[in-house]
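> Pasting the sequence and the predicted model now:
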Amino acid sequence: MSVPEVIQRGVQQLQEWLKSLRDNGGLIDTTEALALLRAVLHQLRDRLTMEEAVDLGQQLPIIVRGLYYESWEPHKVPENITTRLAFVDGVSSKLRPRAIPAERGIRDVFALLAHYCDPGEISDVIDQLPKELKELWPENAQTFRERVR
């Protein structure tokens, strides 16, 4: 049985994303990278409005999109997470029992999203976040709108 091209490409993209997270984040293996990616995507998704969460989801490769939407309850969003500490603590709790440094991992996942996703969409996501959370994104993602004006 042959695997459809869209699935093969999705698996390849997921492997690229996980390898990048593993290598850049100093993680033990891609299992840790997967846990980190899932935790950060879920925390971010639940902080966004339903419309913006869907818009971001459309930017993700098909397999990553599946992780992103896993266990989503759109009627419960957006969560009122307004501080860096609350966001980092939320990711930390989703990572347990793994001892992955959450803030560094968040920055790594945000850098990955900024690299692979449309800069305009990432700007829309960042615009919905309070200042403390915006600062977790790479500088070039934070300043995209200013640079294209």
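Thanks, I have it.

> show me the contacts for the spatially most central residue of the chain.
Central residue of the chain (C-alpha atoms, centre = their mean): L41, 3.7 Å from the mean position. In this structure, L41 makes contact with V64, L67, Y68, V109, judged by C-beta atoms under 8 Å, 6 or more residues apart in numbering. Any C-beta I mention is one placed from the backbone N, CA and C, and that applies to glycine too.

> Quick check: the last one touching L34?
In other words, V109. No. Counting by C-beta atoms under 8 Å, V109 does not reach L34; the two are 11.3 Å apart.

> Looking at those two, which has the bigger crowd around it?
Taking other C-beta atoms under 10 Å, V109 and L34 do not tie; V109 has more neighbours (24 against 17).

> Find the nearest non-adjacent residue to that one, please.
Of all residues not flanking V109 in the chain, V40 sits nearest, at 3.9 Å (C-beta to C-beta, 6 or more residues apart in numbering).

> before we move on, what about R22?
R22's closest residue in space is A33 (C-beta to C-beta, 6+ apart), at 4.4 Å.

> again with H42
Here the residue nearest H42, using C-beta to C-beta, 6+ apart, is K94, at 6.3 Å.

> Was I right to think the one you found contacts R38?
Yes. Contact criterion C-beta under 8 Å: K94 and R38 qualify, at 7.5 Å.

> Listing request: residues of this structure with sub-threshold pLDDT.
Flagging of the chain using pLDDT under 70 yields the residue ranges 147-149.

> Now do the SS call for V88.
Going by DSSP: H, G, I helix; E, B strand; the rest coil, the secondary structure assigned to V88 is helix.

> Can you tell me the number of residues neighbouring it?
21.

> what's it in contact with, if anything?
Per C-beta under 8 Å, 6+ apart, neighbours of V88: A102, E103, I106.
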